[in-house]
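Engineer: sequence isn't available, so here's the structure alone:
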Ligand code: NDP
């Protein structure tokens with residue numbers, strides 16, 4: 001049986017300094033890819049890159065067009081063209097009912113979790129099309145399929161990521177660029193510090209397997225979606241929910 005082979009491939013993982021993004025970087029570099037971590041936490045990004053063989057770090061705020069463009073140029077200078085983009089940077093935002101969220105709280109989640117994905121795809125997909133090869137994986141969430149209570153901003157943003165994935169996939173389906181997303185249920189990372197224990201308990205209670213997902217499990221699925229083995233699947237929404245998702 002062949003292992004996932006990413007030899008010679010160059011990847012960007014946004015939000016790769018910690019959590020799911022870091023596990024994805026571990027898995028991609030372990031499969032032979034060179035990985036550039038794009039994260040707004042510069043120190044953590046550099047520390048993460050130092051801990052991996054074949055990784056670099058660049059500070060970027062995915063919500064700012066000029067920051068994304070600068071990071072794209074810096075990445076190109078370091079590694080050249082990009083084959084793989086994993087849009088993983090995200091926040092959970094506050095655990096509040098829709099009418100309790102301020103417009104600023106609501107907007108912030110949409111800006112990072114949805115607009116940031118658009119900006120990074122906009123910056124990098126044309127280069128993949130020009131090269132007739134690319135793999136894009138967007139980290140959405142089960143919240144985008146089902147809607148979690150006390151997370152209307154997050155659920156709406158992640159539903160948007162699912163829609164963006166399906167649209168973009170069709171736009172470059174004949175250009176060698178494959179675009180998919182994954183929809184994890186709750187995974188124990190720093191993101192959980194942003195939300196209430198009640199909300200975490202709710203999400204855990206919905207999982208038939210009765211446990212948190214693991215960052216490594218998200219990385220394993222993502223690595224396959226980043227590989228040449230994933231060749232006839234685009235616009236797909238991949239479940240990672242311990243049985244919670246029913247469609
Ligand atoms: P973490 O908080 O552990 O890591 C997210 C990383 O993204 C952090 O380093 C964070 O920096 C960075 N980031 C946030 N905003 C920006 C920005 N504007 N520009 C660049 N980097 C940014 O989260 P997870 O690993 O848990 O989550 C990763 C992804 O997976 C997110 O999209 C999340 O929505 C999704 N997901 C997570 C689930 C979970 O239960 N953990 C379940 C389903 C989906 P900083 O620390 O400064 O914010």
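Structural biologist: On my side now, so go ahead. In this text, all values refer to a predicted model and were calculated from it rather than measured experimentally.

Engineer: and the helices in the chain, which stretches?
Structural biologist: 19-30, 42-50, 65-79, 103-110, 116-130, 143-146, 152-171, 197-205, 215-225 (DSSP state H).

Engineer: is the first one positioned near the ligand?
Structural biologist: Meaning helix 19-30. Yes - legend: contact between helix 19-30 and the ligand by Cβ under 6 Å from any ligand atom is shown at 19-21. C-beta: built from backbone N, CA, C; applies to glycine.

Engineer: of those, buried ones?
Structural biologist: 19-21 (16 or more other Cβ atoms under 10 Å).

Engineer: now the worst-scoring helix or strand of the chain on mean pLDDT: buried residues?
Structural biologist: Lowest by mean pLDDT, DSSP states H and E among the helices and strands of the chain is helix 197-205, with a mean of 95. By 16+ other Cβ under 10 Å, the buried positions in helix 197-205 come out as 199-200, 202-203.

Engineer: and the gap between the residue nearest in space to the middle of the chain and the ligand?
Structural biologist: By Cα atoms, centre = their mean, the mean C-alpha position of the chain lies nearest to residue 88, the distance being 2.2 Å. To the ligand, residue 88 is 5 Å away according to Cβ to the nearest ligand atom, to the nearest Å.

Engineer: same check, this time on residue 126
Structural biologist: In terms of Cβ to the nearest ligand atom, residue 126 sits 21 Å off from the ligand.

Engineer: report the contact partners of residue 211.
Structural biologist: By Cβ atoms under 8 Å, 6 or more residues apart in numbering, the contact list for residue 211 reads 204, 242.

Engineer: longest single strand anywhere in this structure?
Structural biologist: Longest strand in the chain, counting residues (DSSP state E): strand 177-184.

Engineer: got the residues of this protein near the ligand?
Structural biologist: 14-15, 17-21, 39-41, 60-63, 88-91, 112, 116, 139, 141, 184, 186-187, 189-191.

Engineer: show me which of the residues you listed are buried.
Structural biologist: The buried subset of the residues of the chain next to the ligand - by 16+ other Cβ under 10 Å - is 14-15, 17-21, 39-40, 60-63, 88-91, 112, 116, 139, 141, 184, 186-187, 189, 191.

Engineer: what about the residues you listed, which are in strands?
Structural biologist: Per DSSP E, the subset of those in strands is 14, 39, 139, 184.

Engineer: could I get those residues as JSON lines with pLDDT?
Structural biologist: Output for these, formatted as JSON lines (pLDDT from 0 to 100):
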{"residue": "14", "pLDDT": "98"}
{"residue": "39", "pLDDT": "98"}
{"residue": "139", "pLDDT": "99"}
{"residue": "184", "pLDDT": "98"}
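
Engineer: and residue 55, how many neighbours?
Structural biologist: 24 (other Cβ atoms under 10 Å).

Engineer: quick one on the thing from earlier: between the residues of helix 19-30 next to the ligand, which is closest to residue 146?
Structural biologist: residue 20 (19.1 Å; Cβ to Cβ).

Engineer: how about the contacts made by the closest one?
Structural biologist: Counted by Cβ under 8 Å, 6+ apart, residue 20 has contacts 88, 139, 184, 187, 189, 215, 218-219.
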